[in-house]
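Visitor: Here is a sequence with its predicted model. Questions after.
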Amino acid sequence: MRASRKSTRSGRWGKSARPRKIGIKLGLKGQKIMVCLGAIVVITGMGTVLCKGGIWEAGTLSAEANTTVMEAASKLETLMSFVIQNVTSEKVDDSLPIVEVAGAVKVDEGQKAFFNKLNQLELKPQKQFVYSEWFAAVEPQLSEKPTEATYSYLASLLYEAAIKSGLQAGARHLHQQLPEYASPGFDVFVRPGRNDLSLYNPKPISAKVTVTYTDDVPHITLFALSSAGWKAVQISVKQTYYKPESVHILDRSLALAGEVTQQAGQAGQLIEVVVGEKLLTKDFYLPSPTIIGHGAMPDELAAAYPARLKMD
């Protein structure tokens, strides 16, 4: 018996059964799980090693450890099923949310199918993420191609979550006007093959993305291991508005003294995003003018309406 124990300790697994690496460790009643040549192996609290191919001694065996190979295999099958269920429902190491951002517009089921492809995306440490490359990988799985607005909506949400988590942006483009679904300072305009978004994770650990919904409004959350102590950065957004001009034009369809607003103006915006005390980005959207049509030539109306025939 002593010789057997000595042999076990010096060449414990033998050449054919030596485990390649430790895999998953779970607190399943004192048991540990490791990989043995690609198969699951159980080391019990009694020191018995059960593998589908047999039993190896890992210390002094109790009477209960003298199990037949067939019984051991049966017990292993039951435990394997239990382990798989727990691995899929529990995290090996708890993760905590870094930041959560919410959209401003509801999405339908077709859009959700696209948004959900972002679930479990891993922003790897000290690596660049390119939106178009990710889309190229998931596009074959989609039953319908997302619209340009849907494509940009998801990119804007991801960008906002990334920046608020302390990640860095590379390529980024703006719309001509801030869309209703984008938060000020976090607008992203992307088009496959043309405008793109890229992000860089400067951290030594990964961040993972989840997508959820509240009354059909999408939320994106970035998670990281709790042990990393990853915190969201302090961000402030400053908006400055610019009043639109009024432009007066001749419209022969109107009565001589007729007047109609043909286009409502839209104020311009300068949006500054500050991280801590450092200016991160400046987004500028040009104002669009108010266009007013008149039924008479400007010179004919100059005396009666001098103010309205000039730029305000």
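Guide: Alright, I've got the coordinates.

Visitor: And the protein, what are its domain boundaries?
Guide: The record's domain split for the chain, according to automatic domain parsing, is 2-89, 93-233, 234-312.

Visitor: Check the ones you listed for me: which has the lowest mean pLDDT.
Guide: Lowest mean pLDDT of the domains of the chain: domain 2-89, a mean of 42.

Visitor: which residues touch residue 175?
Guide: The contact partners of residue 175, by Cβ atoms under 8 Å, 6 or more residues apart in numbering, come to 152, 182, 187, 189, 285. The way it works is simple: take the backbone N, C-alpha and C, and place the C-beta from them, glycine included.

Visitor: Helices - which of those land there?
Guide: Counting by DSSP state H, those place residue 152 in helices.

Visitor: got JSON lines for the contacts of residue 175, with distance to residue 272 and neighbour count too?
Guide: Supplementary listing: the contacts of residue 175 in JSON lines, determined by distance: Cβ to Cβ, whole Å; neighbours: other Cβ atoms under 10 Å:
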{"residue": "152", "distance to residue 272": "21", "neighbour count": "25"}
{"residue": "182", "distance to residue 272": "16", "neighbour count": "24"}
{"residue": "187", "distance to residue 272": "13", "neighbour count": "23"}
{"residue": "189", "distance to residue 272": "19", "neighbour count": "21"}
{"residue": "285", "distance to residue 272": "13", "neighbour count": "20"}
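
Visitor: can the contacts of residue 175 go into JSON lines with extra columns for distance to residue 269?
Guide: As requested, these are exported to JSON lines (distance: Cβ to Cβ, whole Å):
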{"residue": "152", "distance to residue 269": "18"}
{"residue": "182", "distance to residue 269": "12"}
{"residue": "187", "distance to residue 269": "10"}
{"residue": "189", "distance to residue 269": "15"}
{"residue": "285", "distance to residue 269": "5"}
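
Visitor: and the two most separated of the contacts of residue 175?
Guide: Using Cβ to Cβ, those reach their maximum pairwise distance at 152 and 285, which is 14.9 Å.

Visitor: any idea how far residue 111 is from residue 103?
Guide: For residue 111, the distance to residue 103 (Cβ to Cβ, to the nearest Å) stands at 10 Å.

Visitor: Now do the shared contacts for the two.
Guide: With Cβ under 8 Å, 6+ apart, residue 111 and residue 103 have common neighbours residue 153.

Visitor: Show me the helices in the stretch 51-200 of the chain, by range?
Guide: 69-89, 109-115, 131-138, 148-164 (DSSP state H, counting those that start in this stretch).

Visitor: OK, contacts around residue 188?
Guide: Residues near residue 188 by Cβ under 8 Å, 6+ apart: 152, 155-156, 159, 172-174, 182, 197.

Visitor: The same query, at a cut-off of 10 Å, please.
Guide: Residues in contact with residue 188 (Cβ atoms under 10 Å, 6 or more residues apart in numbering) are 131, 151-160, 169, 171-175, 179, 182, 195-197.

Visitor: count of residues packed around the nearest residue to residue 102 once chain neighbours are set aside?
Guide: Nearest non-adjacent residue to residue 102, counting by Cβ to Cβ, 6 or more residues apart in numbering: residue 219, 4.9 Å away. When neighbours are counted by other Cβ atoms under 10 Å, residue 219 registers 15.

Visitor: Which strand residues bridge residue 219?
Guide: Counting by DSSP bridges, residue 219 is bridged to residue 102, residue 212.

Visitor: returning to that earlier point: now, of the contacts of residue 188, which are buried?
Guide: Buried members of the contacts of residue 188, scored by 16 or more other Cβ atoms under 10 Å, are 131, 151-160, 172, 174-175, 179, 182, 195-197.

Visitor: Thought residue 169 was touching residue 187, still the case?
Guide: No - Residue 187 lies out of contact with residue 169 (Cβ atoms under 10 Å); the separation is 12.0 Å.

Visitor: any shared contact partners between the two?
Guide: Common neighbours of residue 187 and residue 169 (Cβ under 10 Å, 6+ apart) are residue 159.
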